[in-house]
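J.: take a look and give me a structure for this.
(one chain, ligands or ions: 1)
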Amino acid sequence: MFDYMLTKEQLKIRDEAREFVQWMPRQMILDMDTDKIKFPKEFLQEAARRNLMGCRYPKQWGGRGMDWATTCMIMEEVGTLGYELACVFGVGAELVCDAIIQHGTDEQKEKYVKPLLQGKIFAAECLTEPRGGSDFFGATTKAEDHGDYYLLNGMKRFIVGAEGADYFLVYAKTSPEAKPQESITCFIVDRTEGVEVKYLYGLMGCRGGGTGRIVFRNVKVPKENIVGKLNGAYAVFNTMMIPERLGTASMTIGAARPALEIATNYTARRKAFGQIIAQFEGVSFQVAEAAMLLDAARAMAYVTAKAVDNGADMPRIRRMVSQSKKFITESCQKVVHNSMQVMGGIAYTNVFPIERIYRDVRLASIWTGTSEVMSMISAHEWYREYFTQKAKIQSRDYELDAQEANEDEKIYDDDDMWKKGW
Ligand SMILES: Cc1cc2nc3c(=O)[nH]c(=O)nc-3n(C[C@H](O)[C@H](O)[C@H](O)COP(=O)(O)OP(=O)(O)OC[C@H]3O[C@@H](n4cnc5c(N)ncnc54)[C@H](O)[C@@H]3O)c2cc1C
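T.: The predicted structure is shown next:
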């Protein structure tokens, strides 16, 4: 994050986050990449000891009462350690706890948020199923009403942190016959009888973060574990897309940053044709482009965070977090791509960590909603916003500022998308 845009208090937490990054043992990062470590419990415990998780939540529940801009800044710093570490940092404290803080009861906050932020328990978010992740409302995991409890059956996959989680935030169908947006409920599911977790994916990157498949077989979930309202998962999902997308975007900035730093250092020392390679425009322009993209990404994350902090309306926030996620993750992937390119063959080896970063950040535009899904939401919200505002705001008719502003030549189908109910 840009230093000059942060308050003294934010800068202090930024420095605390940087001290935490310094603390991280190198061997832990290497052992995660080779799957020797399957879940970095000590990393989360240390983050909790330093009170770095969930900093935007009220102090009452273990946060620091800070804002989204501070969260983005911390996520960027943590992201520099490696994408998988930022993923596990994010899913429990920033996603699962966000849903409980915003929609849960005080009892749930006491039981599930406080101890998680203290590093005593861990959590994972279960949305994606083998049949698909993009179509949230197509969930097939079912929870049937059995009086005092719900009986949960189904399967979730690609769940970060599953290996070490003590509880799961699970979306399940409770009213299969209802309209999709009124058919799903969000539950807190303890790791009890009937919950089977398998750490089984041969991931390209982001290893060691406990990513697994979860099968729920006749799991009894008490009614008090519903988060929000029965059949009200849409409301939970609606707010959870903020930490999912803005958090992911911010940590990707952090993950890409070391690649650019390493490439800058290397190209300022390496010679070819008798010259330092940074003196070739073909090299330095790629480095400059990467620096520009990283700054543009930061600026976008900051503006979006401010929109959330300042209470922008929800449709606008949906668009801003979705377009931020797409732009920032893809820009950061380009940053890493350029960094590898300007270093030549050595960057493709494990002498430098760029090959790991390259593998890791490939996930950024896939998880927590693909780039295509981000475009789908952005397009939907943009058209809706444009036509809603157009109806409200008296603005200049720019179409008439043309030499031949002839209405007869403007041929449309009369049934425009807006009239059809976009
Ligand atoms: C390492 C890793 C960690 C993950 N962690 C978690 C986690 O912790 N919790 C969790 O719930 N999930 C997690 N996921 C799942 C991830 O969020 C999904 O993989 C992702 O949302 C896409 O779902 P899918 O893989 O089922 O692809 P699909 O939904 O099958 O999509 C396949 C392709 O079709 C495209 N597509 C789908 N619908 C549309 C459309 N309407 N318009 C245009 N294109 C479309 C998609 O963009 C994609 O390119 C993780 C995944 C990985 C790989």
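
J.: per-residue pLDDT of E244, please?
T.: With respect to pLDDT, E244 scores 96.

J.: my read is that R257 contacts E76, right?
T.: Yes: distance between R257 and E76: 7.4 Å, which falls inside the contact criterion (CB atoms under 8 Å). To be clear about C-beta, it is placed using only N, CA and C from the backbone, and glycine gets the same treatment.

J.: same question for the helix or strand hosting R213, mean pLDDT?
T.: When secondary structure is defined using DSSP states H and E, the element that contains R213 is strand 212-222. Strand 212-222 shows an average pLDDT of 98 in the prediction.

J.: contacts for that strand next, please.
T.: With CB atoms under 8 Å, 6 or more residues apart in numbering as the contact definition, strand 212-222 has outside contacts at 124, 126, 141, 143, 146, 148-159, 162-163, 168, 170, 187-189, 192-201.

J.: what about the ligand: which of those residues touch it?
T.: Subset of these in contact with the ligand: 126, 158-159, counting by CB under 6 Å from any ligand atom.

J.: just checking, what packs against the helix or strand containing E330?
T.: Secondary structure assigned from DSSP H and E places E330 in helix 314-343. Contacts defined by 3 or more CB pairs under 8 Å, 6 or more residues apart in numbering; DSSP states H and E place helix 314-343 against helix 233-242, helix 248-267, helix 281-309, helix 354-361, helix 371-392.

J.: now, the contacts of strand 212-222 that are in strands?
T.: Judged by DSSP state E, the contacts of strand 212-222 include 124, 126, 143, 149-159, 168, 170, 187-189, 195-198 as members of strands.

J.: which of those residues are buried?
T.: Neighbour-count burial within these applies to 124, 126, 143, 149-159, 168, 170, 187-189, 195, 197; the criterion is 16 or more other CB atoms under 10 Å.

J.: who in this structure is up against the ligand?
T.: For the chain, the residues found near the ligand under the criterion CB under 6 Å from any ligand atom are 91, 125-128, 132-134, 158-160, 203, 206, 211, 363, 366-370, 372-373, 376.

J.: low-confidence stretches in the stretch 301-422 of the chain?
T.: Within the stretch 301-422 of the chain, the set of residues satisfying pLDDT under 70 comprises 414-422.

J.: which non-adjacent residue is nearest the residue of the stretch 51-200 of the chain with the smallest separation from the ligand?
T.: Relative to the ligand, the nearest point of the stretch 51-200 of the chain is G133 (2.6 Å; CB to the nearest ligand atom). Closest residue to G133 in three dimensions, ignoring its sequence neighbours and counting by CB to CB, 6 or more residues apart in numbering: L127, at 6.6 Å.

J.: which ones are touching the one you found?
T.: L127 makes contacts with 133, 136, 139, 156, 171, as judged by CB under 8 Å, 6+ apart.

J.: next, it: phi, psi?
T.: For L127, the backbone dihedrals are phi -120, psi -50 (criterion: degrees, to the nearest 10).

J.: same thing with the one 5 residues further on?
T.: Reported as degrees, to the nearest 10, the phi and psi values for G132 are phi 150, psi 160.

J.: any idea how this structure splits into domains?
T.: Structural domains annotated on the chain: 3-121, 126-231, 234-385, as defined by automatic domain parsing.

J.: for Q394, find the nearest of those.
T.: Go through the domains of the chain one by one with CB to CB and the one that ends up closest to Q394 is domain 234-385, at 16.9 Å.

J.: how about the residue nearest in space to the middle of the chain, what does it touch?
T.: In the chain, the C-alpha closest to the average C-alpha coordinate belongs to T248, at a distance of 2.7 Å (CA atoms, centre = their mean). By CB under 8 Å, 6+ apart, the residues touching T248 are 90, 325, 329, 364, 367-368.

J.: ditto for F137
T.: The contact partners of F137, taken as CB under 8 Å, 6+ apart, are 180-181, 183-184.

J.: kindly report the same for C186.
T.: When contacts are taken as CB under 8 Å, 6+ apart, C186 is in contact with 99, 103, 169-171, 226-228, 232-233, 236-237.

J.: picking up where we left off before, PyMOL command to pick out the buried ones of the residues of the chain next to the ligand?
T.: Taking 16+ other CB under 10 Å as the burial criterion, the selection of buried members of the residues of the chain next to the ligand in PyMOL is written as:
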select buried, resi 91+125+126+127+128+133+158+159+160+203+206+211+363+367+368+369+370+373
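
J.: show me what counts as buried in stretch 375-390.
T.: Those buried within stretch 375-390 under the rule 16+ other CB under 10 Å are 377-378, 381.
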